[in-house]
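# give me a 3D structure for the following:
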Amino acid sequence: MKKKISPYFLMVLPAVILFFAFHTFPVLQGIFYSFTNFKGYGSWEFVGFRNYINVFKDSRAIDAYIFTFKFAVLSTVLVNIISLTIALGLNSKIKFKKTLRGIYFMPNILSILIVGFIFNYIFAIFIPSIAENLGINALTASILGNPDLAWLGIVVVAVWQAAAFNTILYLAGLATISQDIYEASSIDGANKWQDFWKITFPLIAPFFTINMVLAMKNFLMVFDHIMALTGGGPGRATESISLLIYRGGFQGGEFAYQSANAVVYFIIIVTISVIQIRYLQKREVQM
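Residues are numbered from 1 along each chain as shown. Predicted coordinates:
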């Protein structure tokens, strides 16, 4: 007798085909072309590991890596501090709690490009005009036009928008903590600060791990915020790895070279994520 095809297999098959066609196959294709001199058009030849070696010799790529890591580390720290603080406030006994949760989540549903354009107007026109009327000379020019300060403007926008999602995850973690624990600690004479370090933070440690890993990964892949705010400028002061790969691969005839850069960057992101998970999970056990 012929075996019947499992209905579960038929349900999963379309998703598997789509995932392979639009994700796995392009990834494999990019890895293949990273060992060639393909420009994105025309003929090509195999060049071995030459593209990978050139990535580590390229000063533009090194500058982009330095900027991206500097941006990602600062943004990850800030977004977790801010979102955890907001979550603690929204989890307390305050009025309009549900309304405030909806308001704080709104930045997450807005388009990154639209948010970038709005903040571009704020940094370029709104803040300088107010500073000029108040006589604050340091803020009369847009920080996005300053090569030394432009990256801070991107940090502000990225953290403001990312804090919404991280806050929701922290709220989910805080909801798992029983109030009986806090009542017992209050009987023992513990204050709010002791409650946080001895009860709250250890119990939401898994959520802290998730937020740290996701935030770092997302900030390392920053692209839309930079395109909307500075376009990688002034000069190349805010050019991230993702932006460099896009411009070089699709606009600069460096498809194979930037494919190699993308493979290197993928390995770096996976390595950082694994290190984060292992280290933070060890802290969870210790707590």
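
# from now on I want contacts and neighbour counts done on CA atoms only, so please keep to that.
Fine.

# what residue is smack in the middle of the chain?
Asn218 (2.0 Å; Cα atoms, centre = their mean).

# roughly how far does that residue sit from Gly135?
As judged by Cα to Cα, to the nearest Å, Asn218 and Gly135 stand 38 Å apart.

# what of Lys192?
42 Å.

# distance of Phe266 from Gly248?
Distance of Phe266 to Gly248, given as Cα to Cα: 17 Å.

# so between these two, which is more surrounded?
Gly248 (18 against 13; other Cα atoms under 10 Å).

# the more buried one is in contact with Phe255, isn't it?
Yes. With contact defined as Cα atoms under 8 Å, Gly248 counts as touching Phe255 (6.9 Å).

# residues near His225, how many?
Neighbour tally, His225, other Cα under 10 Å: 22.

# please state the offset of the helix or strand where it lies from the chain centre?
For His225, the host element (DSSP states H and E) is helix 224-229. Mean-position distance between helix 224-229 and its chain equals 13 Å (Cα atoms, centre = their mean, to the nearest Å).

# likewise for stretch 61-73?
Worked out by Cα atoms, centre = their mean, stretch 61-73 lies 13 Å from the chain centre.

# could you list the buried residues of it?
Ala61, Asp63, Ala64, Tyr65, Phe67, Thr68, Phe69, Phe71, Ala72 (16 or more other Cα atoms under 10 Å).

# equivalent analysis for stretch 155-164, please.
By neighbour count with 16+ other Cα under 10 Å, stretch 155-164 contains the buried residues Val155, Val157, Ala158, Val159, Trp160, Gln161, Ala162, Ala163, Ala164.

# check which helix or strand covers the nearest residue to the fourth one once chain neighbours are set aside.
Just to be clear, that refers to Val159. Spatially, and ignoring its direct neighbours in sequence, Val159 is nearest to Val79 (5.3 Å; Cα to Cα, 6 or more residues apart in numbering). Using DSSP H and E, Val79 sits within helix 59-91.
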